[in-house]
Every structure is written in structure tokens, then in C-alpha cells.
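J.: Build me a structure from this.
(3 chains)
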Amino acid sequence: MEQLLWKHIQNVREKSPLVHNITNYVVMNNTANALLAVGASPIMAHAHQEVEEMVNICQALVINIGTLDEYWTVSMIQAAKTANRLNKPWILDPVGAGATSYRDTTLEYLLSFKPTVIRGNASEILALAKLNQEKTKGVDSTAHSNDAVQAAQYLHKKFGSTICISGETDIIVAGKEMRLFNGNALMTKVTGLGCTATAIIGAFIAVTGDIVEAAAAAISLLNIAGEIVAKNVEGPGSLQIHLLDKLYNLTQTEFDQHIKLSA
Amino acid sequence: MEQLLWKHIQNVREKSPLVHNITNYVVMNNTANALLAVGASPIMAHAHQEVEEMVNICQALVINIGTLDEYWTVSMIQAAKTANRLNKPWILDPVGAGATSYRDTTLEYLLSFKPTVIRGNASEILALAKLNQEKTKGVDSTAHSNDAVQAAQYLHKKFGSTICISGETDIIVAGKEMRLFNGNALMTKVTGLGCTATAIIGAFIAVTGDIVEAAAAAISLLNIAGEIVAKNVEGPGSLQIHLLDKLYNLTQTEFDQHIKLSA
Amino acid sequence: MEQLLWKHIQNVREKSPLVHNITNYVVMNNTANALLAVGASPIMAHAHQEVEEMVNICQALVINIGTLDEYWTVSMIQAAKTANRLNKPWILDPVGAGATSYRDTTLEYLLSFKPTVIRGNASEILALAKLNQEKTKGVDSTAHSNDAVQAAQYLHKKFGSTICISGETDIIVAGKEMRLFNGNALMTKVTGLGCTATAIIGAFIAVTGDIVEAAAAAISLLNIAGEIVAKNVEGPGSLQIHLLDKLYNLTQTEFDQHIKLSA
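T.: Take a look at the predicted model:
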């Protein structure tokens, strides 16, 4: 499995897929840089008049609702609809699911276009599942990992999506289940590294048909890079920057030495 | 006083307040990272349909008009109004006050919701005061510190706000007056460190009832971090990054060795 | 010529021109920081109600369509129109020209306000020229440098603009032609360094009447800084940061040692 994952990393570096991002203002620069660092080509575009054309020329779509508003929500829906129609892989990052009813309504609509992958933390995945269950059957909102896994299985069955639950351990749920153990706690002190994970997964599903492997390779790449870099930095500012360096120059040897997962 | 200020820094690190930011595009990533580095939890959200809910779940609100437009202005007014109604502490950063009549009109409206704190440079504070005085009594627009202090006293009396005037010396005006002497000139070559000061003050007023102390602790933390870091960097790029590291790892010993103020 | 270019760099550092930017979300922070690092004062503002006032108080205008939408397009047109009316220098960055019809329509309109400078890569310059030629005479879209130079000459004749074609070699076309040979391939792995070139040229045309020299000085400054920094970094994250340091602290000696051009 580990060697398979490395091949996907090489694959992105060689094929340099075009990835269309409709994402939040906070992370745009970092996710564009992260996509470049792993070898992909990022495009950021959200105008209603061009969203469909952009989805059309890209190999994958990333939708992240972090700083949504009425205009951007329409952009996201147009793009997701187009990706669904064209059978292009797309990933949804449901930032702040459950925090406001506006986010939940928007997410309910986006889910109807069957994202290839959904990536969020446990409470976001739980909130998404809750949206789609009758209220009396609602999963509990206290974010236990096991609850989140159940919620992910539910979402997988209902929408066919591969679900990535981020946390100290990352869990990928799609019929089979995979657990990834890399990373470092300092990564939670850098804004938007979850959004970066989402963007990188976007690059990997652009070139890899096996979605679970694509997600596992992307998440492992980011977490191993973070883990290596975190040992030699004094704080989150340096981590954010050196992480981009390491995404760019990570070698197979480093990857092999660090990768920890159970499938 | 100095030991009191350190306690507020520890307090933010321990309580990790949720801070809602409606701020400008230029600094979103940096202020989110600065809030994380000092121990707070940032939220960026501006959609009209969710602004009230977001103010409701946060402990403080930051409004920064840097890249305002018609949509964002409504978001800011909704949020300020809600914070005022719920008695939640909020801070206003009047970026570019006096530069255009659109900014001035917007600021006049926002002031009516009585910001807990206003932070700006001398010319912005002078412009704000001018807005609210009859024209014949208008303070002079040549930005002398003393004029700015008078303008701040006027704003404090009229709106009850604590006023922070940024400059080589930072001055906090709220009945009593405090002067803070830390910082480094290279900090003016990094975009948005004023906005970062505003955001950090937002985190401190979220957990500290004494607003002058909260502002003093926040400003001193940022300026001491900048002062320490500026000695070992070659330019503004590195300063921006290492400043985040230092906000995260500043120790009480470093704080005690550097703090310079007069109350 | 080389000594002339250095004088323009000193000129920007001394005069600190106010540069108004209507640019894309991805690069706003970096271009603001780059402008500060070279000695200029950046303003970012796009509200319809203040765009004209802002153009009025600035020495130059930068328009970059990277993340355009209907609102921002109006801002750009208002600003370009005002700059043209007031005879203020302005630069257009036609990001993604040719990618969607919406971009092309917007660019056609913006060109009518006769940008002082247009900076793009070869395919963007070719796409711009295509927009303005009858279809049967259209230049070929396969982006050969020579084709791009022909396209640039066409655009120069039609709009009077100085055209900067970015690539491994940068080419400035305006009647006379200049080729600049500095830079490093790692710069293409940092998002928005083209946009940064555009912003810096904006600062230089604000203070220098000779537009070709202004563009040559700006591009050489950025590319030499990148070239020097690239030798000592491990990846694109560090390059992005140390580049800002070097823009700030580059000396005449370093400039003289590295500059490579043919006029």
C-alpha cells in the first residue's frame, strides 16, 4: 500500500493537473501555493459567467464554503452541478457545518451533487450527517470519533462519497476504512491546513481513479511534511512556510520512513 | 501593572476565546494566524444570512473596514448592531478614515453602535473625531500626537470607547491614559500589522473586563514580539513569519525583560 | 542603462509612491508586502463609491483581473476610465486571458482605456492580440515567443501600451525592444509572482516617465531578488518570504553583479 501511495504522489508531480478552486478568502494564497508545491496547477475563479467554462477545462474541482455568501454560494452550486454532469471528480470542504443554518442549507444543496470526496473534522462530518437524517434518528453532536465514523458511513451510503475525517488520527471511510497516523499538533495552530488537505486531495483525485488511495496519498503527504517540518521550527509561522518547501521536496525515502497507516 | 498584563496573555492562551472577524481581504490570513498564535480561535464570516448567529456564538467581534464595499458594509453594520445589543465587546479598525467620503459615512454609522475599542493611527483617529464635531470646531488634520490624544479623548467621551492610537509610541486613551514604548520600525514595512494589533486586542477584550489593560496587554505582546524578532531578520518577509512564531512562544521572562510603558 | 535602472529603484525607495491596486484575492497580501518592500505605499480599494476618489489620490493604478466577477469588473472599469481621464499611469495584468469568454469581454473593455503597461505571459499577450484582430488575421495561439513579440507589437501600436511578456526571458516591447535574462525557475512555483511583477511595475511607472526603463527596472529588481534568494532556499515557501526580504535590502552592488539584459 505504502509504495502505491508514493506512486500517486509522483503521478501528480508528473501530470500537473489543473485544479479549479472555489474556496475561502483566508486560505486562497496558501492552498494555491500548496497545489503548486505538490506539482498541480491551481485556478481560482468564481464569476457566475465563467464558472462552467472553468470546471470544463479543469481535471478536478475543490469547493470550500469557509467564507461563503449569497454570490459565492451560487458559484459553488453552478460548479458542483457542472462537475456532477461532466463526471469530473470534486471535493467538498464543509467548513463550519452546523454553526449556522445558512451553512447547513447551502451544504444540503451541495450534497445533492454527490461530491466525490468530503473532508472535514469530526464535528463537521457529524453535522452533515445530521442534516440528512430524520431528526429523531440524529447522531449525537458530541464529537466522538466513533460517532463520526458512523456518520461518515451514513454519508458514504447516501451520496457515494469517500469521507475523510481529520483529527489526531485521520480516518477515510468508503465501505473499507483506513486510518492514517501522521501529523503534528502544531499544525492545528496554522490557519487553514484542513483546507490545504482538501485542496491537495483535489489534485490527487484529478489523476487517480482509486479515490481512497488518492485521499490517503494526499493526506499522508501533507501530514508527513508537517511532521518532519514541525521538529525544526519555533512556531506556527515557520511551520506554514517550511511546510510548502517540504511538500515540494519530500523524497520517497522520507515518505517511506515516516508513513504510518492501517487499512 | 506589568505582571497584570502577563496574566491577561496567559488568560487568552487558556480560555481560547472565539473571535468573529469581519475584516479586509489583504490581512485575513495573517490575522487568523495571529489569533491562533496568541491562543484564540478565529472565525471569518460575513454573509448577511449568518452574521447575527456568528456574533451570537463568539466572545468578541473585530470589524476592519480596509476593503469595504456595499455588501460588506451591511455585514459590518449587522454585526456591530448585534454586538451592541448583546453587550459583546467589539473593536473597530477605521482603516483609511478620512481618505474617501464613503469610508467616513460608513464609519459614522458604525460608531453609533459604540465600539468597545477603536484602534487606528493618529490621522485615522483625528479623521474620526472630525466626523463627529461641528466643522468650525474641527481638530486640525495635521497628525500631531497631541492633537490625536485630544481627538481620542473626545471620541472616548462621546462613545465610551477606549481609543488606541498606534505609532512609534502607542497611546491608550480612556479617561486615564497609558503610553506603550515597544516595537520596531521594520514592523511598518509588513502589511497589516495594525490590523493584527486590532485582531489581537479583540481576543483580549473577549476574556478581560478591564478594557485598558486588555488593550495594553495585546499591544505590548505584539510589539515585544516584533521587537525581539526584528533583531534577527533580514527584512519584512521574515519578520511577518517569525512574528507569528514569537506570538506563540513568547515567555513571561521575555515579556518582563522588554515591557516598557508609562501609565 | 544598468546604472539608470538602479536610479529608478532608488527613486521608488525615496518617493514612496501611493499605488492603488484592484487585484485578485489570492495575491493581495503578497503584492501589498512587495510594494512595501520596494518602498512604495499600497492601497487596496474596490468599492464603486470610492474608486474614483482613490485613483485621484494615488500616483499609479494596478488592475489585475485574476479573480474578477461582475462587481469587481465595474470597479476596474471605473478605475481605468478615471486613470485614463486624469492621465495617471496604469498597468493591466490580463490573468487568464483567453481562458473564458467573460475574461476576454472584460479585457476588451479595459483595453479601450489604453493601459500604460500590459504585463502577462506569452499566451495571455497572444490572447489579447487575438481579441483585437479580425479573426482571419488572428495570430496563432501556440505560444511561441516570436508570435508573442509580434502580438505585443500589434498591441503597442493599437493602444500605445508598453508590453511586458514574462517568461524564462522577459521581453519588453514598445517600439524598441528589451530582453531581460534574470530570474530562477523556482519562482514559477510561488503563486502570483507574475502579479507581483505587475504591482512593482505599477510603483515604478508612478515615479518614472520613461515607461520602458521603469518596467525594466521593476522586472530586473524582482528577478534578481528571486535569483539571489533561490540559491539558498529549500523550496517555494521560503522563496516567497525571503524574496520580500531581498526586495527590501537589495544593494546596488548586488544589482550590478547580477543584471543581464540586452536592449
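
J.: So which residues on chain A come close to chain B?
T.: A:24-27, A:29-30, A:66-71, A:96, A:99-103, A:189-192, A:233-238, A:240-241 (C-beta under 8 Å from any C-beta of the partner chain). Any C-beta I mention is one placed from the backbone N, CA and C, and that applies to glycine too.

J.: From those residues, list the buried ones, please.
T.: A:24-27, A:29-30, A:66-69, A:71, A:96, A:99-100, A:102-103, A:189-192, A:233, A:235-238, A:240-241 (16 or more other C-beta atoms under 10 Å in any protein chain shown).

J.: sorry, back to before: tell me, which of the residues of chain A next to chain B make contact with chain C?
T.: Checking those against chain C (C-beta under 8 Å from any C-beta), the matches are A:Tyr25, A:Asn29, A:Tyr71, A:Gln240, A:Ile241.

J.: Return the closest of those with respect to chain C.
T.: A:Ile241 (4.1 Å; C-beta to the nearest C-beta).

J.: host element of the closest residue to the closest one other than its chain neighbours?
T.: In space, and not counting its chain neighbours, A:Ile241 is closest to C:Gly237: 4.1 Å by C-beta to C-beta, 6 or more residues apart in numbering or on different chains. Assigned by DSSP states H and E, C:Gly237 belongs to helix C:236-249.

J.: how close does A:Lys81 get to A:Ile211?
T.: Per C-beta to C-beta, to the nearest Å, A:Lys81 is found 20 Å from A:Ile211.

J.: and if you look at A:Leu244?
T.: Going from A:Leu244 to A:Ile211 by C-beta to C-beta gives 25 Å.

J.: So between the two, which is more surrounded?
T.: Neighbours were counted for A:Leu244 and for A:Ile211 using other C-beta atoms under 10 Å in any protein chain shown; A:Leu244 has more, 28 against 20.

J.: for the more buried one, what are its contacts?
T.: A:Asn30, A:Asn33, A:Ala34, A:Ala37, C:Gly235, C:Pro236, C:Gly237, C:Ser238, C:Gln240 (C-beta atoms under 8 Å, 6 or more residues apart in numbering or on different chains).

J.: In a markdown table: those residues, plus distance to B:Lys7.
T.: A markdown table is the format used below for the contacts of A:Leu244 (distance: C-beta to C-beta, whole Å):
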| residue | distance to B:Lys7 |
| --- | --- |
| A:Asn30 | 34 |
| A:Asn33 | 38 |
| A:Ala34 | 38 |
| A:Ala37 | 41 |
| C:Gly235 | 40 |
| C:Pro236 | 41 |
| C:Gly237 | 36 |
| C:Ser238 | 37 |
| C:Gln240 | 37 |
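
J.: May I see the residues you listed arranged in JSON lines, with distance to B:Gly120 and pLDDT as well?
T.: Shown next, in JSON lines, are these (distance: C-beta to C-beta, whole Å; pLDDT from 0 to 100):
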{"residue": "A:Asn30", "distance to B:Gly120": "28", "pLDDT": "97"}
{"residue": "A:Asn33", "distance to B:Gly120": "32", "pLDDT": "98"}
{"residue": "A:Ala34", "distance to B:Gly120": "34", "pLDDT": "98"}
{"residue": "A:Ala37", "distance to B:Gly120": "37", "pLDDT": "98"}
{"residue": "C:Gly235", "distance to B:Gly120": "38", "pLDDT": "98"}
{"residue": "C:Pro236", "distance to B:Gly120": "35", "pLDDT": "98"}
{"residue": "C:Gly237", "distance to B:Gly120": "33", "pLDDT": "98"}
{"residue": "C:Ser238", "distance to B:Gly120": "34", "pLDDT": "98"}
{"residue": "C:Gln240", "distance to B:Gly120": "29", "pLDDT": "98"}
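
J.: just the residues you listed now: which is nearest C:Ala199?
T.: C:Gln240 (14.3 Å; C-beta to C-beta).

J.: ok, the closest one touching A:Asp245?
T.: No. Using C-beta atoms under 8 Å, C:Gln240 is not in contact with A:Asp245, being 10.0 Å away.

J.: Just flag the most distant two among the ones next to chain C among the residues of chain A next to chain B.
T.: A:Tyr71 and A:Ile241 (31.8 Å).

J.: Give me the nearest residue to A:Gly235, chain neighbours excluded.
T.: B:Asp245 (2.9 Å).

J.: From C:Glu14, how far off is that neighbour?
T.: Distance from B:Asp245 to C:Glu14, by C-beta to C-beta: 33 Å.

J.: How many residues are close by the residue nearest to A:Thr116 when sequence neighbours are not counted?
T.: Nearest residue to A:Thr116, sequence neighbours excluded (C-beta to C-beta, 6+ apart): A:Pro89, at 4.3 Å. Neighbourhood size, A:Pro89 [other C-beta under 10 Å]: 23.

J.: Now do the contacts for A:Pro89.
T.: Residues in contact with A:Pro89 (C-beta under 8 Å, 6+ apart) are A:Gln59, A:Ala60, A:Leu61, A:Ala83, A:Thr116, A:Val117, A:Gly202, A:Ile205, A:Ala206, A:Ile211.

J.: Which residues lie in contact with A:Ala151 in this structure?
T.: A:Ile125, A:Leu126, A:Leu128, A:Ala129, A:Lys130, A:Val139.
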